[in-house]
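Novice: Structure of the sequence below:
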Amino acid sequence: MAAAAPGHVVGAGSPSSRWRRGGGMELAALERFLSPGKGSGLRSRRRVRPGELLYRAEPFAYVVTKEQLGGVCEQCFQRNEHLHRCSQCKVAKYCGKSCQKEAWLDHKRECKCLQNVKPNFPPDSVRLAGRIVFKLLRQSACLSERLYSFSDLQSNAEQLSEEMKEGLRHLAHTLQLYLRAEIQDASHLPPAIDFFQIFTKRPVLDGRRINRAFVKRSHASEGSGFHSGLSKCAQGKSLVLKGLTEIKFL
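Specialist: Below is the predicted model:
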């Protein structure tokens, strides 16, 4: 199953037409189920052909890694020698006006945060978590969440060592400081938005898998993304994709 973290299904037209053009199965052909001791699962209601595309969508949230800032477009991850810089934060760069316009909804609030913390810069995991927070606050619908939403993801905090929990608490505190330009008092946030829990629902630190979310990285480690789809990688492993939704058909 190929998932590209919550955003929208590639293509044009209505959501249903995009889905069909994308070559994926109709959602009605897929069902969720619970597996004792393993958590949530997804299975097909019909026979699946070898190499058939089951599911495709874009990331719920993603960011360009600090090492690649200025080298790739923040929206499409394409390399370009003539990127246009955001005039406000002077951090985000885009292929052109089209990509910048598409990215503005995700970048608008983080733009103020990036300006506020200068000359410092947040770790990739913190910047990504910030985008997740802003997206949850917008309550914007994402087609890739039609199977599993962010709230469906389980926190595995109870399985973590105290050392790892302490590391996540530090990240949560860093996130709070980073978002201060937009969120002065985190205690006023909806109960569903908990900074610490966000980090227990996505891979952080050294790439260990904490949940069924997974990191998306290009071969050049251009970015990291949060996917609400199902994935279970062994600790220390990474799922590598090219771009946002490129899928090789068999």
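Novice: Helices of the protein, residue ranges please.
Specialist: Using DSSP state H, the helices of the chain run over 15-21, 97-116, 124-138, 162-178, 195-200.
Novice: So which residues make contact with the shortest one?
Specialist: Contacting residues not belonging to helix 195-200 are listed as 125, 129, 132-133, 155-157, 160, 168-169, 171-172, 175-176, 186, 210-211 [CB atoms under 8 Å, 6 or more residues apart in numbering]. From N, CA and C alone the C-beta is placed, and that goes for glycine too.
Novice: Mind doing that once more with 6 Å?
Specialist: Helix 195-200 is touched from outside by 129, 132, 155, 157, 168, 171-172, 175, 210, with contacts defined as CB atoms under 6 Å, 6 or more residues apart in numbering.
Novice: quick one: contacts for residue 193?
Specialist: Applying CB under 6 Å, 6+ apart, we find residue 193 in contact with residue 136.
Novice: and what of residue 120?
Specialist: Residue 120 neighbours (CB under 6 Å, 6+ apart): none.
Novice: what does residue 48 give?
Specialist: With CB under 6 Å, 6+ apart as the criterion, no residue contacts residue 48.
Novice: Check it and give its pLDDT.
Specialist: You'll see residue 48 listed with a pLDDT of 87.
Novice: Lowest-scoring secondary structure element of this protein by mean pLDDT?
Specialist: helix 15-21 (a mean of 34; mean pLDDT, DSSP states H and E).
Novice: Give the buried residues for stretch 187-202.
Specialist: Within stretch 187-202, the residues scored as buried using 16 or more other CB atoms under 10 Å are 193-196, 198-202.
Novice: average pLDDT across it?
Specialist: Stretch 187-202 comes out with an average pLDDT of 86.
Novice: Quick check: pLDDT value at residue 111.
Specialist: pLDDT, residue 111: 97.
Novice: JSON lines for the helices of the chain, including distance to residue 29?
Specialist: Converted to JSON lines, these look like this (distance: least, CB to CB, whole Å):
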{"stretch": "helix 15-21", "distance to residue 29": "11"}
{"stretch": "helix 97-116", "distance to residue 29": "30"}
{"stretch": "helix 124-138", "distance to residue 29": "28"}
{"stretch": "helix 162-178", "distance to residue 29": "37"}
{"stretch": "helix 195-200", "distance to residue 29": "31"}
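Novice: Relative to residue 64, which of those helices is closest?
Specialist: Of all the helices of the chain, helix 124-138 sits nearest to residue 64, with 8.6 Å by CB to CB.
Novice: Which secondary structure elements does the closest one sit against?
Specialist: Here helix 124-138 touches strand 61-64, helix 97-116, helix 162-178, strand 223-227, going by 3 or more CB pairs under 6 Å, 6 or more residues apart in numbering; DSSP states H and E.
Novice: In terms of mean pLDDT, which of those ranks lowest?
Specialist: Note on the helices and strands packed on helix 124-138: lowest mean pLDDT is at strand 223-227, with a mean of 53.
Novice: that older thread, for the helices and strands packed on helix 124-138, which one sits closest to residue 147?
Specialist: Residue 147 lies closest to strand 223-227 among these, at 10.9 Å (CB to CB).
Novice: now the residue lying closest to residue 137 once chain neighbours are set aside: how far from residue 176?
Specialist: With sequence-adjacent residues excluded and distances taken as CB to CB, 6 or more residues apart in numbering, residue 137 is closest to residue 193, at 7.1 Å. According to CB to CB, to the nearest Å, residue 193 stands 12 Å off from residue 176.
Novice: Next, find the distance separating residue 145 from residue 138.
Specialist: Using CB to CB, residue 145 is found at 13 Å from residue 138.
Novice: out of these two, which sits in the more crowded spot?
Specialist: residue 145 (19 against 12; other CB atoms under 10 Å).
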